[in-house]
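> this one's sequence-less:
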């Protein structure tokens, strides 16, 4: 751990600072506007690694043309205070032009895993995610990297990419952190007005209902999906985009729930789109 | 330099052996059936790096369904003798199942640069090349990597990928080695029967004619293309696939030749497809 946190903007600054940090380095990639969920990843990295690096970059290539790139919340000063207090060694805050200079034309894409769920609703999203994460791995050269279970499909896709491309990086997926009423922590929660904020617990309620049914012996996947759908439909301010009860590894929809499954959903509240998930049967 | 050359098959064997080698490591990726062109890359790496690694892998994903994957020439025993004599430290000879295990679904693709020339004739070829080279970079963790100018578009694509994805690897492109009569060295030359072998000098003759015209002041790109085309058409055993006079960086066809251009072509002789190129004006 170094005495004070190093801030890098260019890739050269990052590489120079990183070369002085001890291995293993743990990387926590973020889009900033940090909440306790992000900090739990940083704490895990701090506990497990000699050095901790964090990137703050709102990655334009993972946003669709009609998505919230320009409005995505930012609070760089606050983020840096939190990271310094958490004992982070190195923060990279590149500009979009540094990450995607003129002439940029190389993409990393995972195929099958990115087809359903978020991939179906957000074409190109995961290609943006895997490309930027590959770049972060090459830029930071971490031995370990930390991601949240909140983005369950992203976690599966990044694990797959890391294995398929032989990146020498251990991927750790950390549990979702929740507010007292069950709402999963997300930078996008800041978009919610008070009414929407209250209604937003519907994701947790729907997942909890399906999990309770599973725990009581229900193994028919469609019954669990119907239960989640009905819970969401009972909330007047919420609109369902999808509900899923899928194989944990392939993310294909199940007929019957076996050993381990992913319950997941996307719901809009007004203009805000939220996702959440539970893993059952593990 | 280690006492004797280490042979690795699995990724784990490679990583263990590599961890013991000094930096900088120079990597020479090959498909085997080595000729003096390959050895010139190894010699360059040997001169510039503390350690030298070589991969021998006939990469199935860079061959089209109607291409010569199954017939591609192989001589592993001979290759290893040449590499040992050249002072190589570590050779990786993975099986296709090691490089592409079941469930593999991640691809690295360069966009614009791969559209013309070889990319137009061989759909998917460069996606296979960039994917396997990204994997080799992650597996070997080299500081430097060496490729031949003979595959000019491949060299441009790999440089682009390395820069775009921030791989911390210096790419060195080494000059094409030629037989006494000008034929560029290639593992595929072994396919040629004596008649085709003689006719195969047409690539060098066509490139030389265009270069002579350029050196005499010709700056009209189409005139250079016509000259190459006519030379190829004058050889009864040769059939032109394409001739090109393109911008050195973008590979777009030129109208007027400025500072630096790539003359390139693909020609078939019987069932054998050969490529060659000259850089002019540098």
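Looks like it arrived, so ask away. These figures come from a predicted structure and were not determined experimentally. Numbers count the residues shown, from 1 in each chain, chains lettered A, B, ... in the order given.

> could you pick out the residues of the stretch 101-250 of chain A near chain B for me?
A:103-113, A:130-131, A:134-135, A:138-139, A:141, A:160-161, A:164-168 (C-beta under 8 Å from any C-beta of the partner chain). C-beta coordinates here come from the backbone N, C-alpha and C atoms, glycine included.

> all helices of the stretch 51-200 of chain A, in order?
A:76-85, A:96-99, A:117-121, A:125-140, A:152-164, A:194-199 (DSSP state H, counting those that start in this stretch).

> who wins for proximity to residue A:182 among those helices?
With C-beta to C-beta as the measure, helix A:194-199 is the member of the helices of the stretch 51-200 of chain A nearest residue A:182 (11.8 Å).

> give me the residues contacting that closest one.
Contacts of helix A:194-199 with the rest of the structure, by C-beta atoms under 8 Å, 6 or more residues apart in numbering or on different chains, involve A:183, A:189, A:235, A:236, A:237, A:238, A:269, A:270, A:272.

> quick one on the thing from earlier: which PyMOL command selects the buried ones in the residues of the stretch 101-250 of chain A next to chain B?
Buried residues among those (16 or more other C-beta atoms under 10 Å in any protein chain shown), as a PyMOL selection:
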select buried, chain A and resi 104+106+107+108+109+110+113+130+131+134+135+138+139+141+160+161+164+165+166+167
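
> in this structure residue A:67 contacts residue A:122, no?
Yes. The pair residue A:67 / residue A:122 is scored as a contact, 7.4 Å apart, by C-beta atoms under 8 Å.

> looking at the two, which one has more neighbours?
Counted by other C-beta atoms under 10 Å in any protein chain shown, residue A:67 and residue A:122 do not tie: residue A:122 has more neighbours, with 18 against 13.

> quick one, what contacts the closest residue to that one other than its chain neighbours?
Excluding its sequence neighbours, the residue lying closest to residue A:122 (C-beta to C-beta, 6 or more residues apart in numbering or on different chains) is residue A:64, at 5.7 Å. Each residue near residue A:64 by C-beta under 8 Å, 6+ apart is listed here: A:122, A:123, A:124, A:125.

> now, which of those sits nearest residue B:54?
Comparing the contacts of residue A:64 against residue B:54 with C-beta to C-beta places residue A:124 closest, at 37.4 Å.

> how much space between the closest one and chain B?
13 Å (C-beta to the nearest C-beta, to the nearest Å).

> pLDDT below threshold where in chain A?
Applying pLDDT under 70 to chain A picks out residues A:1-3.

> how about the strands in it?
Counting by DSSP state E, the segments of chain A that form strands are A:6-8, A:25-30, A:51-56, A:90-92, A:106-110, A:144-148, A:170-174, A:238-247, A:261-269, A:272-280.

> what inclination does the longest one have with respect to strand A:272-280?
Using axes from the mean of the first three to the mean of the last three C-alpha atoms, to 10 degrees, the inter-axis angle of strand A:238-247 relative to strand A:272-280 is 30 degrees.

> for strand A:238-247, packing partners?
Contacting strand A:238-247 under the criterion 3 or more C-beta pairs under 8 Å, 6 or more residues apart in numbering or on different chains; DSSP states H and E are the following elements: helix A:117-121, helix A:202-215, helix A:221-233, strand A:261-269.

> okay, the angle between it and helix A:152-164?
In terms of direction (the same axes, to 10 degrees), strand A:238-247 departs from helix A:152-164 by 40 degrees.

> and the angle from strand A:238-247 to helix A:221-233?
Going by the same axes, to 10 degrees, strand A:238-247 makes 160 degrees with helix A:221-233.

> buried stuff in strand A:238-247?
By neighbour count on 16+ other C-beta under 10 Å, the buried set for strand A:238-247 is A:238, A:240, A:241, A:242, A:243, A:244, A:245, A:246, A:247.

> closest one to residue B:145 out of those, please.
residue A:247 (38.4 Å).

> surely the closest one and residue A:254 touch.
Yes. Counting by C-beta under 8 Å, residue A:247 touches residue A:254, with 5.8 Å between them.

> which residues are in contact with both of the two?
By C-beta under 8 Å, 6+ apart, the residues touching both residue A:247 and residue A:254 are residue A:261.

> what's the closest non-adjacent residue to residue A:190?
The nearest residue in space to residue A:190 (C-beta to C-beta, 6+ apart) is residue A:73, at 5.1 Å.

> for residue A:131, same thing?
Using C-beta to C-beta, 6+ apart, the nearest residue to residue A:131 is residue A:108, at 4.8 Å.

> one more: residue A:196?
In this structure, residue A:196 finds its nearest non-sequential neighbour in residue A:269, 4.1 Å apart by C-beta to C-beta, 6+ apart.

> what sits against that neighbour?
Counted by C-beta under 8 Å, 6+ apart, residue A:269 has contacts A:192, A:196, A:199, A:200, A:237, A:238, A:239.

> sorry, back to before: now a ChimeraX select for only the buried ones of the contacts of helix A:194-199.
Applying 16+ other C-beta under 10 Å to the contacts of helix A:194-199, the buried members can be selected in ChimeraX as follows:
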select /A:183,189,235,237,238,269,272
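
> ok, the residue nearest to residue A:122 to residue B:146 distance?
Per C-beta to C-beta, to the nearest Å, residue A:64 is found 40 Å from residue B:146.

> got it, and residue A:234?
Taking C-beta to C-beta, one finds residue A:234 at 64 Å from residue B:146.

> between these two, which one's more packed in?
residue B:146 (26 against 11).

> list the contacts of the closest residue to chain B within the stretch 151-282 of chain A.
Nearest residue of the stretch 151-282 of chain A to chain B: residue A:164, at 3.5 Å (C-beta to the nearest C-beta). By C-beta under 8 Å, 6+ apart, the contact list for residue A:164 reads A:110, B:104, B:105, B:106.

> what's the closest non-adjacent residue to the third one?
Among residues not flanking residue B:105 along the chain, residue A:111 sits closest, at 4.2 Å (C-beta to C-beta, 6+ apart).

> I figured that neighbour hits residue B:109, correct?
No. The criterion here is C-beta under 8 Å, and residue A:111 misses it with residue B:109 at 11.4 Å.

> returning to that earlier point: tell me the two of the contacts of residue A:269 that are most distant?
A:192 and A:239 (13.8 Å).

> need the contact list for residue A:116.
Residue A:116 neighbours (C-beta under 8 Å, 6+ apart): A:153, A:244, A:246, A:251, A:252, A:253.

> one more time with 7 Å, if that's ok
Residues near residue A:116 by C-beta atoms under 7 Å, 6 or more residues apart in numbering or on different chains: residue A:251.

> residue closest to the middle of chain A?
residue A:151 (3.8 Å; C-alpha atoms, centre = their mean).

> next up, phi/psi of that residue, please.
phi -90, psi 80 (degrees, to the nearest 10).

> how near is residue A:161 to residue B:214?
Where residue B:214 is concerned, residue A:161 sits at a distance of 45 Å (C-beta to C-beta).

> also residue A:47?
From residue A:47 to residue B:214 the distance is 64 Å (C-beta to C-beta).

> higher neighbour count, those two?
With neighbours defined as other C-beta under 10 Å, residue A:47 and residue B:214 compare such that residue B:214 has more, 22 against 9.

> ok, that one touching residue B:280?
Yes. Residue B:214 is in contact with residue B:280 according to C-beta atoms under 7 Å; the separation is 5.0 Å.

> check contacts around the nearest residue to residue A:155 once chain neighbours are set aside.
Spatial nearest neighbour of residue A:155, chain neighbours left out: residue A:173 (4.6 Å); criterion: C-beta to C-beta, 6+ apart. Contact partners of residue A:173, counting by C-beta under 7 Å, 6+ apart, are A:147, A:149, A:155.

> now with 8 Å, please.
Per C-beta under 8 Å, 6+ apart, neighbours of residue A:173: A:147, A:148, A:149, A:155, A:159.
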